[in-house]
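Enquirer: All I have is the shape, not the residue letters:
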């Protein structure tokens, strides 16, 4: 056993001492945070940052529209942005609804007032709700009919292929797979 070092008295250990009380609060906080489950919804800062990122990627606000294509384009752009950003599923609806203004925001508030579980909607369900409101079955049926009546006519092959691809998503029962397109 070694003797005491300079500045130590006999009986004192050379092991550093932990001061009781100092750091205990930090330790308690850290252990509580480790045991706490991940937050499912973004904080205000995360939400603001997420919205700015969405806008930089091309997302725009949606105010409601009588043209179903506007709602469809808005949802498609958000989906594209969400795929790039890789946000958790739970954040997508909150971020998307932050981009609703005017009539669309009023519509969403009415959904929230009627449905207690509207806050827990996933992205696909939210998108279906937007579809039901802004691009009804008659729109999809008209696009499917347009697909079924599509002729190349004076269109170039590239233009025809683009139009075919654009309209084929409305005829997913008819064109179920990529191989069915040939």
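Expert: Looks like it came in fine. As the structure is a prediction and not an experimental result, all values here were calculated from the model. Numbers count the residues shown, from 1 in each chain.

Enquirer: Next secondary structure element downstream of the longest helix seen in the chain?
Expert: Of all the elements of type helix in the chain, the one with the most residues (DSSP state H) is helix 68-85. Towards the C-terminus, the helix or strand next in line after helix 68-85, according to DSSP states H and E, is helix 89-98.

Enquirer: So which elements touch the helix or strand just after that next one?
Expert: Remark: after helix 89-98, the chain's next helix or strand is helix 102-114, criterion DSSP H and E. Using 3 or more C-beta pairs under 8 Å, 6 or more residues apart in numbering; DSSP states H and E as the contact criterion, helix 102-114 has no neighbours among helices and strands. Just so you know, the C-beta spots here come from the backbone N, C-alpha and C atoms, and that holds for glycine as well.

Enquirer: what separates residue 140 from residue 112, distance-wise?
Expert: Per C-beta to C-beta, to the nearest Å, residue 140 is found 26 Å from residue 112.

Enquirer: Report the buried residues of whichever strand or helix holds residue 132.
Expert: Secondary structure assignment for residue 132, by DSSP H and E: helix 123-134. Of the residues in helix 123-134, 123, 126, 127, 129, 130, 131, 134 count as buried by neighbour count, 16 or more other C-beta atoms under 10 Å.
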